[in-house]
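Engineer: Need coordinates for the following:
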Amino acid sequence: MFGDLKRNIYRCLLNRGLLRSKVVVLMDGGVCSQMHQYLLGYLYRKAGFSVCYDLTFYKEWGLDINNEFVRNFDLLKAFPYLKFEEASEVEVDIYKKEYFYAGNIRTNDMSFLRLVPPIYLGGYYHFPSKQWLETFQSLYRMVDGVLDAASQIKCIEIEERIDSVGVHVRRGDLKEEVSSYGAPASLDYFISATAFFKEKLHKPYFYFFSDEPEWVKMDLLPRLPVKNCAEVVDINGSDKGYMDLYLLAHCKHQITTKGTLGKFGALLVDAPDKYVVLYNDETQQYWKILFQNPVFI
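Structural biologist: Have a look, this model is predicted:
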């Protein structure tokens with residue numbers, strides 16, 4: 001009863017303009033999804049609107065599609081300097097029911113950028129590539145104090161290698177074809193991608209990052225031409241994916257697969273002399289103009 005009364009009072013004050021209207025942004029998924037969703041809210045905050053984020057997903061579910069790997073709210077662990085306001089339970093309830101706006105993931109409709117509060121932004125959103133990239137680069141930077149002791153030691157090792165290549169192998173809920181992501185990268189893709197770097201670099205060394213490191217060790221690595229120049233980084237589980245993001249970013253070059261961990265890692269430290277290998281399928285075309293030297297295989 002008290003909860004209903006509180007909601008009714010909030011709704012009344014909001015409708016009468018006695019409370020400032022907000023943009024409420026849904027957050028879900030891993031750290032890269034959180035980065036994308038925070039960026040969405042940031043665009044509205046730059047326009048002068050009040051923005052807060054719905055973290056209900058992490059309290060009620062907090063897992064991947066297959067209910068196997070954990071998804072924690074890690075954004076502020078990775079980027080503790082970000083300005084962040086969590087939406088209250090009342091705000092989530094009212095905005096989600098009355099002001100919900102779905103994403104534009106399957107269209108090129110950018111009209112959502114002209115919306116004004118009160119709005120609740122659910123789903124996933126594409127942005128104009130140039131605007132997205134400029135905002136990403138202005139928002140995200142790696143800072144000291146994020147990595148634990150084991151990851152810090154590995155980070156130093158990676159930085160000392162001249163030709164380090166970070167390889168993201170997404171498994172988990174994307175190891176089979178998913179409509180919005182397409183089919184997973186094939187064995188031939190990894191063979192061609194590693195061969196590319198062995199031709200381009202003097203002495204490449206491959207660091208593999210995956211949510212299924214044992215599969216990479218037992219099934220993938222033995223079938224690749226990387227004997228004595230590769231290892232699987234398995235010091236971080238899915239609960240520390242943001243640390244793997246940092247380690248991937250410290251590699252000089254990247255090989256990416258499905259998902260965004262490898263791509264965001266590459267973008268955190270983009271440079272004219274780095275190569276980023278992307279899986280060449282229709283779902284990857286959005287990334288074509290985001291890197292200085294993209295290589296499609």
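Engineer: What segments of the chain are strands?
Structural biologist: With strands called from DSSP state E, the chain shows them at 22-26, 50-54, 100-101, 119-121, 164-169, 205-210, 230-232, 253-255, 276-278, 294-296.
Engineer: Can you tell me which residue is spatially central in this protein?
Structural biologist: residue 32 (1.4 Å; C-alpha atoms, centre = their mean).
Engineer: Relative to residue 45, how far out is that residue?
Structural biologist: Distance of residue 32 to residue 45, given as C-beta to C-beta, to the nearest Å: 20 Å. For the C-beta atoms, the positions are set from N, CA and C on the backbone; glycine is no exception.
Engineer: doesn't residue 169 make contact with residue 206?
Structural biologist: No - taking contacts as C-beta atoms under 8 Å, residue 206 lies outside contact range of residue 169: 10.7 Å.
Engineer: joint contacts of these two?
Structural biologist: Counting by C-beta atoms under 8 Å, 6 or more residues apart in numbering, residue 206 and residue 169 have no common neighbour.
Engineer: Grab the nearest non-local neighbour of the residue nearest to the centre of the chain.
Structural biologist: The shortest distance from residue 32 to any non-neighbouring residue, by C-beta to C-beta, 6 or more residues apart in numbering, is to residue 260 (4.0 Å).
Engineer: count of neighbours near the one you found?
Structural biologist: When neighbours are defined as other C-beta atoms under 10 Å, residue 260 has 21 of them.
Engineer: OK, contacts around the residue nearest to the centre of the chain?
Structural biologist: By C-beta under 8 Å, 6+ apart, the contact list for residue 32 reads 245, 259, 260, 261, 263, 264.
Engineer: Out of those residues, which is nearest to residue 143?
Structural biologist: Using C-beta to C-beta, residue 245 comes nearest to residue 143 of the contacts of residue 32, at 12.6 Å.
Engineer: Apart from its neighbours in sequence, what residue is nearest the closest one?
Structural biologist: In space, and not counting its chain neighbours, residue 245 is closest to residue 265: 5.4 Å by C-beta to C-beta, 6+ apart.
Engineer: give me the number of residues near that neighbour?
Structural biologist: Counted with other C-beta under 10 Å, residue 265 comes out at 25.
Engineer: my read: it touches residue 167, true?
Structural biologist: No - counting by C-beta under 8 Å, residue 265 does not reach residue 167; the two are 10.5 Å apart.
Engineer: Now do the shared contacts for the two.
Structural biologist: residue 254.
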